[in-house]
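Participant: coordinates only, sequence not included:
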């Protein structure tokens, strides 16, 4: 599908480094008919358009808005359990293990009904797009047809996605599990094959091998998934070290392994293409192993707080040189918004700082980095997404911010960020992060394709 | 101003006790022309209307929505620094004392300009109303005219408010302070007098004596404010024990006092009509003193987390029998929404639970109680607001929630809460708390007067 050559005109903001934003208030970015960035002009007053772009379509920022890379936690929403979306905000006072049995498994099992699955998955993809999530890593369910349907929906709606059939052949309820190791591997192969058919070059959709977590998988199943990973090169995702009781249980169930991380390592799953969600209570040895294996981590602060799992030591992980992104972990997390998740990452880091000292604090710049370039690295797409450079895909969101002279009724539509005048650009970005929501995401593009827009978007 | 007699028809939810919601799915509440609740019918099928109400106006709940008491943290927004609203989300990595000097004092000093003050205060009142805050305790600035203007604006817009001129005669910048103890007391008297003139019976507006915090006030100024409090019966509010460095400094500056709480007690300010914001690091002795004096506390979790002040031990305060409400503490807190603040109270309690054990966790029911009845008790209005009983004022919000069949574009207007079908009423309330925002607050009433509505409200 060829796109119109388009010039995106106005302020743009992206992460230059972990600690610095690059803010170009009078820029232009040209995006070719292949959806890739053809040129970046940082100052329109001093640079002219390249030849051949005079007649290109234009999309202009209004008021105090700006273009920002689409969110790509571990890629944007690394760790969103798509089928759990209807349970967002419903967890009471539960912690991980009882939460799974009370809320999660019964809901997930209903995805054997494809009509039900389609209804919810369509909603999840639309909703995450509306929050500026251009790439998401999804945990689906054990069901092959529903998982393939999620991949189809992502492709149709244009969201870049890693779609994983959940593998779980032990310590799971009878009504919701893989029946045997063989059937589990066969089912996972079927999902990998489906993605190969609908998107052979992984242009937008990628399959991802997804053992739920160590306790849900037999040693044999994990080993076979490790083999499948090595054989196919398909990436992997799972959970690690979320909750003290879970860790204790892993120790009991896998006495032959020296640690939780070692369980995955022994199965051949601890590789550079594995994404580990949570990583709240890792030991020093585990961190060293993860660093050595170049395995990636998805930090899910909203979920970790809501389920009282703990407050991950993100600064320590980053200081160790481990690559970190952000994940919403819906419905453990309450929100499908990566913007809200980035806020939660700041707040969790503040709670860490109360115990560990000021170095633990994450800044506005750092959490925006985790939500874009950090996530891109976690999914191995740092050459394609996460920032605005020539050759990268145009995975972007238009952040819409207006001044306060608008009426409050209008505000219901244009969003909660209020600009009183005199704010610096750093202030505007901070206000967006702290007070903004999906109303401020006027439009969203993936690889140049407009995949979401609100009534505030003209273009 | 006489109102139409109105019957509010449909589901209503309020807090029966600290730990239990009362949910009446087929109820009717009649509100007389005096803005007070005349009758409460919990089940329309088994109870008929009282005589004389057949022709009354009707306002009906649609879809999955419900009526809920207006938020009244410590009364709704006990502790919102109205002039700091433009700085919401702007605090970088600062903590309390440098935050005051870098962000807060320069902004507050600009309220000597009445046009500037009016522009921002109008916005603050409209915005907090739009979030369902029917009663707010405001910290204004040192300026008498601007403080009186805030009281006028609250009266005009119909928000129940406690409006306090901030008193600060020491350790404050030259450009922003009370010049002397005498001028400070005179200025505070002038604001009390103004409220007496515009609302003699404190029908909607109440003046509140507001020493900023111990470090900003000389011993003499606090004593004189204590005298003023005793003389006039006007309530008081201030900050206490927010940040370790602040506490250390209080110890140095007031060596004759045995604790931070004792500073206020010695000034005659620790009374049942004093509201203390924060109370993060109180000692056992201070808690005992506060309990003995029946002094109230405003918990401000978003601010305490954002400024890394600490995580208040709310369970401990409540177990001690101290009355607690919630405050947003904008701009220390990032949000003017009491719904978001209630969420933050839950999350902060989860971080406490990670250290202190499960008992520290606050439930959905408990934070909604703090945001309504708890706040009502804190401001001494528990007989008038906080729940739906005959004789109470109709301070209420219409929570609008629709099913997921609506298009995503519509969702931009109707709000983020998604009901997939089959949710229990407890689930619906939890989803509102965790995923809702101002879009779900379709209309707001104070004492029967409609003070805010969105395009979703018909009536």
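Facilitator: Received the coordinates, thanks. A quick note: this is a predicted structure, and the numbers were derived from the prediction, not measured.
Participant: now the residue of the stretch 301-450 of chain A found nearest chain B: how far from residue B:334?
Facilitator: Closest contact between the stretch 301-450 of chain A and chain B, by CB to the nearest CB, is at residue A:434 (2.9 Å). Using the backbone N, CA and C atoms, a C-beta is placed for each residue, glycine as well. From residue A:434 across to residue B:334, the span is 4 Å (CB to CB, to the nearest Å).
Participant: try residue A:202
Facilitator: 38 Å.
Participant: So those two - more neighbours on which side?
Facilitator: residue B:334 (29 against 15; other CB atoms under 10 Å in any protein chain shown).
Participant: how close does the more buried one get to chain A?
Facilitator: 4 Å (CB to the nearest CB, to the nearest Å).
Participant: Poorly predicted segments of chain A, please.
Facilitator: A:1, A:73-94, A:404-413, A:459 (pLDDT under 70).
Participant: wouldn't residue A:294 be in contact with residue A:275 here?
Facilitator: No. Applying CB atoms under 8 Å, one finds residue A:294 not in contact with residue A:275, separated by 11.6 Å.
Participant: Now do the helix or strand hosting residue A:193: which elements does it pack against?
Facilitator: According to DSSP states H and E, residue A:193 maps onto helix A:181-198. Helix A:181-198 makes packing contacts with helix A:144-157, strand A:160-164, strand A:166-167, strand A:205-207, helix A:219-232 when contacts are defined by 3 or more CB pairs under 8 Å, 6 or more residues apart in numbering or on different chains; DSSP states H and E.
Participant: just how off-centre is that helix within its chain?
Facilitator: Helix A:181-198 has its C-alpha centroid displaced from the chain centroid by 23 Å (CA atoms, centre = their mean, to the nearest Å).
Participant: who touches that helix?
Facilitator: Helix A:181-198 is contacted from outside by A:142, A:144, A:147-148, A:151-152, A:155, A:163-165, A:167-169, A:178, A:202, A:205-207, A:209-210, A:218, A:220-221, A:224-225, A:228, A:232, A:234, using CB atoms under 8 Å, 6 or more residues apart in numbering or on different chains.
Participant: Enumerate the positions of that helix that are buried.
Facilitator: Using 16 or more other CB atoms under 10 Å in any protein chain shown as the test for burial, helix A:181-198 gives A:181, A:184-185, A:187-189, A:191-192, A:194-195.
Participant: returning to that earlier point: nearest to chain B, out of the helices and strands packed on helix A:181-198?
Facilitator: helix A:144-157 (10.5 Å).
Participant: got the angle for that closest one vs helix A:181-198?
Facilitator: 20 degrees (axes from the mean of the first three to the mean of the last three CA atoms, to 10 degrees).
Participant: Which neighbouring elements make contact with helix A:144-157?
Facilitator: helix A:114-130, strand A:135-139, strand A:160-164, helix A:181-198, strand A:205-207.
Participant: For it, buried residues please.
Facilitator: Buried-residue list, helix A:144-157, by 16+ other CB under 10 Å: A:144-155, A:157.
Participant: before we move on, what about stretch A:11-31?
Facilitator: Within stretch A:11-31, the residues that count as buried by 16+ other CB under 10 Å are A:11-15, A:21, A:23-24, A:27-31.
Participant: mind putting those residues in a markdown table, secondary structure and distance to residue A:403 included?
Facilitator: Output for the buried residues of stretch A:11-31, formatted as a markdown table (DSSP: H, G, I helix; E, B strand; the rest coil; distance: CB to CB, whole Å):
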| residue | secondary structure | distance to residue A:403 |
| --- | --- | --- |
| A:11 | strand | 15 |
| A:12 | strand | 20 |
| A:13 | strand | 18 |
| A:14 | strand | 24 |
| A:15 | strand | 26 |
| A:21 | strand | 22 |
| A:23 | strand | 18 |
| A:24 | strand | 21 |
| A:27 | strand | 21 |
| A:28 | strand | 23 |
| A:29 | strand | 24 |
| A:30 | strand | 29 |
| A:31 | strand | 28 |
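Participant: For residue A:96, state which of the residues you listed is nearest.
Facilitator: residue A:15 (31.9 Å; CB to CB).
Participant: Which neighbouring elements make contact with the helix or strand hosting residue A:339?
Facilitator: Using DSSP H and E, residue A:339 sits within helix A:338-356. With contacts taken as 3+ CB pairs under 8 Å, 6+ apart, helix A:338-356 sits against helix A:301-306, helix A:314-319, strand A:324-326, helix A:364-369, helix A:425-435, helix B:301-306, helix B:338-356.
Participant: for the helices and strands packed on helix A:144-157, which one sits closest to residue A:441?
Facilitator: helix A:114-130 (6.5 Å).
Participant: Relative to residue A:390, which of the helices and strands packed on helix A:181-198 is closest?
Facilitator: Short answer: strand A:160-164, nearest of the helices and strands packed on helix A:181-198 by CB to CB, at 19.4 Å.
Participant: for the helices and strands packed on helix A:144-157, which one sits closest to residue B:363?
Facilitator: helix A:114-130 (26.6 Å).
Participant: how about that closest one, does it reach chain B?
Facilitator: Yes. Using CB under 8 Å from any CB of the partner chain, helix A:114-130 reaches chain B at A:119-120, A:123, A:126-127, A:130.
Participant: thinking again about what came up before, any chance of CSV for the buried residues of helix A:181-198, columns distance to residue A:289?
Facilitator: What follows is these, written out as CSV (distance: CB to CB, whole Å):
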residue, distance to residue A:289
A:181, 25
A:184, 26
A:185, 25
A:187, 29
A:188, 25
A:189, 28
A:191, 28
A:192, 27
A:194, 33
A:195, 30
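Participant: which residues touch residue A:348?
Facilitator: Residue A:348 neighbours (CB under 8 Å, 6+ apart): A:301, A:304-305, A:311-312, A:314.
Participant: now swap in residue A:289 and tell me
Facilitator: Here residue A:289 is in contact with A:259, A:261-262, A:265, A:270 (criterion: CB under 8 Å, 6+ apart).
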